[in-house]
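Participant: would you be able to build a 3D model of this:
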Amino acid sequence: MYSVTKEIFFCYGHRLMHHAGKCRHLHGHSVRAAITITAAELDSQGMVCDFADISGAARAFIDTQLDHNLLLHREDPLLPMLQQAGERVLVLDQHPTAEVLAAMIYRELRDRGFAVESVTLWETSSACATYRDTGAP
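Facilitator: You can find the predicted model right below:
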């Protein structure tokens, strides 16, 4: 099995409403997403796939949905005020954790036809979350 990994960098803001620590406050992250694609065989160019194709697909989603966006849970009481003020906000049904964002990126690339093995989202230089679909229900 072959694999390639492409890293994408972006920024977002969020808060975890019911978190006991300081993450309950609005704050931002400059993150690194590591997207790993696999293939049993190499293509005619000797590649799993072109890094530019991974980057293009990931950027199409990340730039429109996540980058420089405020990600909030649908029940966040700040939402109406921010929306009324015209702020850029992405409303999520789940809490906007690194785990949830890694899964969002994974599913988007999978739906675009990539054989995604995993997506790892580095929220800080020493903390990351990884999503991979094991096929279990």
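Participant: buried stuff in the helix or strand harbouring Gly56?
Facilitator: Assessed by DSSP states H and E, Gly56 sits inside helix 51-65. Across helix 51-65, burial judged by 16 or more other CB atoms under 10 Å covers 54, 57-58, 61-62, 65. Where C-beta positions appear, they are placed from N, C-alpha and C, glycine not excepted.
Participant: which residue ranges form the helices in the chain?
Facilitator: Along the chain, counting by DSSP state H, helices occupy 51-65, 79-84, 98-111.
Participant: so which of these gets nearest Ala34?
Facilitator: Counting by CB to CB, Ala34 lies closest to helix 98-111 out of these; the figure is 9.4 Å.
Participant: and the angle for that closest one with helix 51-65?
Facilitator: Orientation check (axes from the mean of the first three to the mean of the last three CA atoms, to 10 degrees): helix 98-111 against helix 51-65 gives 120 degrees.
Participant: can you tell me the average pLDDT over helix 98-111?
Facilitator: Confidence for helix 98-111, expressed as mean pLDDT, is 98.
Participant: what's in contact with that helix?
Facilitator: With contacts defined as CB atoms under 8 Å, 6 or more residues apart in numbering, helix 98-111 is touched by 12, 31, 33, 35, 37, 54, 57-58, 61-62, 65-66, 71, 92, 94, 116, 118-121, 123, 127-133.
Participant: so what pLDDT did Ala136 get?
Facilitator: Confidence at Ala136, expressed as pLDDT, is 54.
Participant: bridged to Ala34, which residues?
Facilitator: For Ala34, the beta-bridge partners under DSSP bridges are Glu7, Thr120.
Participant: what does Tyr12 give?
Facilitator: Bridge pairing for Tyr12 (DSSP bridges) gives the partners His29, Asn69.
Participant: for the residue nearest to Leu26 when sequence neighbours are not counted, phi and psi?
Facilitator: Nearest non-adjacent residue to Leu26, counting by CB to CB, 6 or more residues apart in numbering: Arg15, 4.8 Å away. For Arg15, the backbone dihedrals are phi -160, psi 150 (criterion: degrees, to the nearest 10).
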